[in-house]
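Colleague: Turn this into a structure:
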Amino acid sequence: MDVAFERRLDLVNVAPTAKPAVCKVMDYGKYKYEMAKKEKEARKNQKIINIKEIRLTPNIETHDLNVKATRAIDFLKDGDKVKVSVRFRGREMGHTEMGKEVLDEFAQLTSEVGKIEKEAKLEGRNMVMFLMPKAD
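Modeller: Down below sits the predicted model:
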């Protein structure tokens, strides 16, 4: 404690549970500032991945599917994941294979920039598939 007082620094208890306790003489304010700076720098370099959703119907027309695929390609190029869902209404529930075909065609249209993260799966009245951007 005398050494820390002489140097006008702080005595920081590094490992209080060790026998004997380990302490370090340092400028604690400067240490906290540098740690906060490192943490802020790490957060700045982090890429936030959003999930964008595109909804389709089992009997979607070709042009409409191409338009939706173009939007999905834009999302994938931005680095976002895309959730593609086909909603079945009424008697469409009896023809879920049509929805699977639509999702397969959609995956084919976006295959240049994206790959399937999660295969198409029926969840209640929706069939859902996840696409993620391809690694460059």
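Colleague: For the residue sitting nearest the centre point of the chain, which three-state class applies?
Modeller: Nearest residue to the geometric centre of the chain (CA atoms, centre = their mean): I49, 3.6 Å. Following DSSP: H, G, I helix; E, B strand; the rest coil, I49 is assigned to coil.
Colleague: Might one say that it is in contact with G79?
Modeller: Yes. Using CB atoms under 8 Å, I49 is in contact with G79, at 6.5 Å. Placement of C-beta: from N, CA and C, glycine included.
Colleague: After the longest strand seen in the chain, heading C-terminal, what element do we hit next?
Modeller: When the chain is parsed with DSSP state E, its longest strand is strand 114-123. Using DSSP states H and E, the helix or strand that follows strand 114-123 towards the C-terminus is strand 126-133.
Colleague: Now do the buried residues in that next one.
Modeller: Residues of strand 126-133 classed as buried by neighbour count (16 or more other CB atoms under 10 Å): 127-133.
Colleague: Parallel or antiparallel, which strands does it pair with?
Modeller: Here strand 126-133 is paired, per DSSP bridges, with strand 81-87 (antiparallel), strand 114-123 (antiparallel).
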